[in-house]
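*Asks:* Provide a 3D model corresponding to the input given below.
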Amino acid sequence: MKRRTLLASGGTALAGSMIAGGAAIRSIRRSPGRSVARAENALDRDRIVETLMEGTDRETAAYEVDGSEEGPTAVIIGGVHGNEINGYRVAADVTGWEIDAGRLIVIPFANVVAVERNTRGGPDGDLNRLFPGGREPESDLARAIWRVVEGADPDLVIDLHRSRGLFNTHHRWVGQAIFPTEGAERSTTRRPSSTT
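*Replies:* I've put the predicted structure just below:
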């Protein structure tokens, strides 16, 4: 079965199982003196496929997890907001998964400076706001992340964040949710607007 056909029949289940399966990670915890760089080194370095922003304070890795069978490609991003610990913990856990089919490209610590500072934004502000729909990303880091996404030609992109509430909305936050992008057409030039 071709990966896009498989995705059409089970993509939502794939996304749900990724989120649920990674939710229990306990291996990377914030503690005094433990840097994200040391946490990254604990991940499977053999799975690193690209180092983004190499040689800068924003240097971070993209990992690849391959299944033995053909299947959908998913890109999973954590740590866009450094104070949303759940996102980078889950993404880091995913780098160690064994999967039967398809391919996962994972950037667990997308905004490594913000993760290390435990702040929402990094040196360029809120990374999540630097991907304007229909235009080029607005920082070197955002462009590097987008290059990885485009290069993966994904069927699904999961940007992991923390949320409040399980299935409902709060006056300021959205609960646990999957937001599909608009339209059925795939395009590498069109980006969804930020929602979190």
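*Asks:* by contact count, what packs against the longest strand along the chain?
*Replies:* Using DSSP state E to define each element, the chain has its longest strand at strand 69-77. On a contact count with 3 or more C-beta pairs under 8 Å, 6 or more residues apart in numbering; DSSP states H and E, strand 69-77 meets helix 3-22, helix 85-94, strand 101-107, helix 140-152, strand 156-159. Any C-beta I mention is one placed from the backbone N, CA and C, and that applies to glycine too.
*Asks:* dump the residue contacts of A61.
*Replies:* E40, L43, I48, E50, T51, L52, I107, P108, F109 (C-beta atoms under 8 Å, 6 or more residues apart in numbering).
*Asks:* for the protein, what helix or strand is lowest in average pLDDT?
*Replies:* Least confident helix or strand of the chain, by mean pLDDT, DSSP states H and E, is helix 3-22 with a mean of 40.
*Asks:* Look at I77 and say how many residues are nearby.
*Replies:* I77 has 25 neighbours, counted by other C-beta atoms under 10 Å.
*Asks:* now swap in G82 and tell me
*Replies:* Quick note: G82 (other C-beta under 10 Å) scores 24 neighbours.
*Asks:* From H161, how far off is it?
*Replies:* 11 Å (C-beta to C-beta, to the nearest Å).
*Asks:* got it, and R47?
*Replies:* In terms of C-beta to C-beta, R47 sits 23 Å off from H161.
*Asks:* And R129, by the same measure?
*Replies:* Applying C-beta to C-beta to R129 and H161 gives a distance of 13 Å.
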